[in-house]
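Asks: Sequence unavailable; structure follows:
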């Protein structure tokens with residue numbers, strides 16, 4: 001019979017074949033290139049490992065995320081950095097922190113950010129013919145315009161530069177942090193709703209003959225814990241911040257469902273690779289978040305800080321219903337390979 005290792009490797013190989021198909025589609029030298037896929041990269045902020053149904057979470061309903069996960073491969077041993085900016089820098093460059101140098105959180109107005117010498121995934125994909133867009137939290141530097149998203153490869157930008165903003169006023173420390181194309185934006189509303197609305201607008205406006213890279217780094221479910229009351233009402237059995245947090249997860253799941261619906265409405269879904277993960281483990285496990293069997297949480301290098309809920313789905317390329325146990329890192333799935341191929 002097959003050994004445990006052989007059984008575990010088969011799903012990983014299947015994901016590897018999907019990555020190979022992506023690389024082939026991006027290769028300018030291919031004699032008969034595959035039509036490039038659209039790429040939608042969803043990133044949650046501070047989400048607990050077991051706060052999603054596809055990782056056996058039972059307290060919070062995440063039907064839209066669960067449906068996407070069932071349609072592809074759940075990545076059970078998916079690793080990131082213990083806090084947000086280092087993970088985002090790795091995601092954007094396909095390089096580990098020892099190479100890009102973002103070891104800690106980039107604070108507001110700090111005179112540094114993702115080094116300008118680093119080439120981002122957005123830059124590489126734009127050069128390969130993609131429309132590139134970010135809706136959500138940047139958190140990789142803003143003190144100088146050269147560090148902002150529009151100068152790092154994005155054609156379109158919407159959302160905020162810092163972390164820990166108020167979800168309704170979009171302020172941090174009394175200063176409003178909300179931008180469209182790196183210019184101040186006066187839009188009002190709950191930030192998770194606004195991010196989803198803009199992502200859907202971009203999808204609907206995308207020309208049919210051009211591939212789209214849409215990066216959606218939600219500020220949900222990072223503190224401050226805030227959500228319209230209707231989202232937390234179903235979780236009356238939960239107490240304190242945990243109840244509000246549950247509503248925030250539900251609002252983010254709804255937003256993901258809206259983005260998927262826009263892809264389906266426009267006919268893009270069948271050729272779209274969707275990835276999802278958290279940027280780090282859940283903070284305050286057992287009180288606010290649930291990291292399941294993992295030790296500790298955000299800010300630590302224990303499993304609870306660096307192993308997060310994740311999946312990848314791409315119809316016809318990643319077989320549905322897989323659960324991959326092999327260790328993977330956020331630099332592994334498509335990003336580093338894609339950059340290497342099209343550089």
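Replies: Received it, and whenever you're ready, just let me know what you need. Just so it is clear, the model here is predicted, and its values are computed rather than measured.
Asks: Every contact and neighbour count from this point should use C-alpha atoms.
Replies: Will do.
Asks: middle-most residue in the protein, spatially?
Replies: Centroid-nearest residue in the chain: residue 43, 1.8 Å away (criterion: CA atoms, centre = their mean).
Asks: so that residue, which of the three states?
Replies: Under DSSP: H, G, I helix; E, B strand; the rest coil, residue 43 falls in the strand class.
Asks: And the host helix or strand of residue 86, what does it pack against?
Replies: Element membership for residue 86 (DSSP states H and E) is helix 84-93. Contacts defined by 3 or more CA pairs under 8 Å, 6 or more residues apart in numbering; DSSP states H and E place helix 84-93 against helix 97-100, helix 121-127, helix 335-342.
Asks: Quick one: mean pLDDT over that helix.
Replies: Across helix 84-93, pLDDT averages out at 96.
Asks: And for that helix, what's in contact with it?
Replies: 45, 80-81, 95-97, 100, 102-106, 114, 118-122, 139-140, 279-280, 330-331, 335-336, 339 (CA atoms under 8 Å, 6 or more residues apart in numbering).
Asks: again, 6 Å this time
Replies: Helix 84-93 has contacts (CA atoms under 6 Å, 6 or more residues apart in numbering) with 80-81, 96, 102-103, 105, 120-121, 139, 279, 331.
Asks: same deal with stretch 126-136?
Replies: 154-159, 195, 211-218.
Asks: ok, now stretch 301-314?
Replies: 49, 69, 72-75, 78-82, 272-278, 280-281, 294-299.
Asks: and what of stretch 103-123?
Replies: Contacts for stretch 103-123 (CA under 6 Å, 6+ apart): 85-86, 92-93, 140-141, 143, 153-154.
Asks: quick one: which of these is nearest to residue 316?
Replies: When the contacts of stretch 103-123 are compared for distance to residue 316 (CA to CA), residue 92 wins out at 25.9 Å.
Asks: For that closest one, give its distance to residue 105.
Replies: Using CA to CA, to the nearest Å, residue 92 is found at 15 Å from residue 105.
Asks: circling back: just the contacts of stretch 126-136: which are in strands?
Replies: 156-159, 212-217 (DSSP state E).
Asks: and residue 180, how many neighbours does it have?
Replies: By the other CA atoms under 10 Å criterion, the neighbourhood of residue 180 contains 18 residues.
Asks: so what's it closest to, chain neighbours aside?
Replies: Once flanking residues are discounted, residue 180 sits nearest to residue 158: 4.5 Å by CA to CA, 6 or more residues apart in numbering.
Asks: beta partners of that neighbour?
Replies: residue 135, residue 180 (DSSP bridges).
Asks: Please tell me how far it sits from residue 300.
Replies: Applying CA to CA to residue 158 and residue 300 gives a distance of 30 Å.
Asks: More neighbours: which of these two?
Replies: The neighbour comparison of residue 158 against residue 300 (other CA under 10 Å) goes to residue 158, with 25 against 17.
Asks: Which residues are in contact with residue 219?
Replies: Contacts of residue 219 (CA under 6 Å, 6+ apart): 45, 137.
Asks: Distance of it relative to residue 164?
Replies: In terms of CA to CA, residue 219 sits 8 Å off from residue 164.
Asks: One more: residue 310?
Replies: In terms of CA to CA, residue 310 sits 22 Å off from residue 164.
Asks: same check, this time on residue 155
Replies: 25 Å.
Asks: is it true that the residue nearest to the centre of the chain touches residue 277?
Replies: Yes. Between residue 43 and residue 277 there is a contact under CA atoms under 6 Å: 5.3 Å.
Asks: looking at the helices and strands packed on helix 84-93, which has the lowest confidence?
Replies: Mean pLDDT is lowest for helix 335-342 among the helices and strands packed on helix 84-93, at a mean of 43.
Asks: how far does the lengthiest helix in the chain sit from the chain's center?
Replies: Longest helix of the chain, by residue count under DSSP state H: helix 240-265. How far helix 240-265 lies from its chain's middle: 13 Å, per CA atoms, centre = their mean, to the nearest Å.
Asks: Likewise for stretch 127-140?
Replies: Relative to its chain's centre, stretch 127-140 lies at 12 Å (CA atoms, centre = their mean).
Asks: swap in stretch 74-94?
Replies: 9 Å.
Asks: Quick one, grab the pLDDT at the closest residue to residue 241 other than its chain neighbours.
Replies: Closest residue to residue 241 apart from its sequence neighbours, by CA to CA, 6+ apart: residue 288 at 5.9 Å. Listed pLDDT for residue 288 reads 98.
Asks: Give me the number of neighbouring residues for residue 288.
Replies: Neighbours of residue 288 under the rule other CA under 10 Å: 21.
Asks: Roughly how far does it sit from residue 331?
Replies: On the measure of CA to CA, residue 288 and residue 331 end up 28 Å apart.
Asks: Likewise for residue 278?
Replies: 13 Å.
Asks: If anything else comes up later, I'll come back, but that's it for now.
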